[in-house]
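A.B. asks: Sequence below, structure please.
(one chain, ligands or ions: 1)
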Amino acid sequence: MGIAEDWAELMFSLDCLSKGHAKRKFRKSIKYGWGGLCCYCRSNRATTLDHVKPKCKGGDSLRSNLLPACQCCNHSKGSQHWLTWFQKQPFYNETAKELIEEWITNKRFIEEELDERSTDNRTEVCFTESAV
Ligand SMILES: [Zn+2]
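C.D. replies: Numbering: from 1, shown residues only. All right, here's what the predicted structure looks like:
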């Protein structure tokens, strides 16, 4: 079902980014940021990290491009745009959508860019790599 591949890919990316407990801390900080739950359905435990923008479309493995997701959601979503996919789900809700948007756009820092989000071809969101 491709789970192993996703994981291998993810671990590889994170290996490039950092190592050892820094890596674990990085993943934990993402999951804990969402209470350990899948950011989409918010009922299952997040066991995977979903690339908001798929790597095949140039997505990074930085915090703002990673969301904790359960395997079910991660698989179901595949490489679709998260919002396109999310809006079709029975568990879709506005609050979750806003939280996700805040996360991936780093809204606190770049309010003015939010207007552009209807453009699907946006290449960059602002990646703020805070020293953890
Ligand atoms: Zn889920």
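
A.B. asks: Adjacent strands (with direction) for the helix or strand hosting residue 67?
C.D. replies: Using DSSP states H and E, residue 67 sits in strand 66-69. In the sheet, strand 66-69 lines up against strand 48-51 (antiparallel) (DSSP bridges).

A.B. asks: pLDDT averaged over the partner strand - what is it?
C.D. replies: Across strand 48-51, pLDDT averages out at 92.

A.B. asks: Could you do stretch 57-69 as well?
C.D. replies: Rounded mean pLDDT across stretch 57-69 is 87.

A.B. asks: what's the answer for stretch 95-108, then?
C.D. replies: The model assigns stretch 95-108 a mean pLDDT of 84.

A.B. asks: Could you list the buried residues of the host helix or strand of residue 75?
C.D. replies: Using DSSP H and E, residue 75 maps to helix 71-77. Across helix 71-77, burial judged by 16 or more other CB atoms under 10 Å covers 71, 73, 74, 77. C-beta here means a position set from N, CA and C on the backbone, and glycine is covered the same way.

A.B. asks: Can it be said to contact the ion?
C.D. replies: Yes: counting by CB under 5 Å from the ion, the ion is contacted by helix 71-77 at residue 73.

A.B. asks: shift numbering so it begins at 350
C.D. replies: All right, first residue 350 from here; so that's helix 420-426.

A.B. asks: who are the neighbours of that helix, in terms of helices and strands?
C.D. replies: helix 352-366, strand 397-400, helix 431-435 (3 or more CB pairs under 8 Å, 6 or more residues apart in numbering; DSSP states H and E).

A.B. asks: returning to that earlier point: dump the strand holding residue 416 to PDB, restricted to CA.
C.D. replies: Backbone C-alpha positions of strand 415-418 (Å, rounded to 0.1, in the frame of the first residue of the first chain) are rendered in PDB as follows:
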ATOM      1  CA  LEU A 415       4.300  18.700   7.300                       C
ATOM      2  CA  LEU A 416       1.100  17.900   9.000                       C
ATOM      3  CA  PRO A 417       0.400  15.000  11.400                       C
ATOM      4  CA  ALA A 418      -2.100  12.600   9.800                       C
END
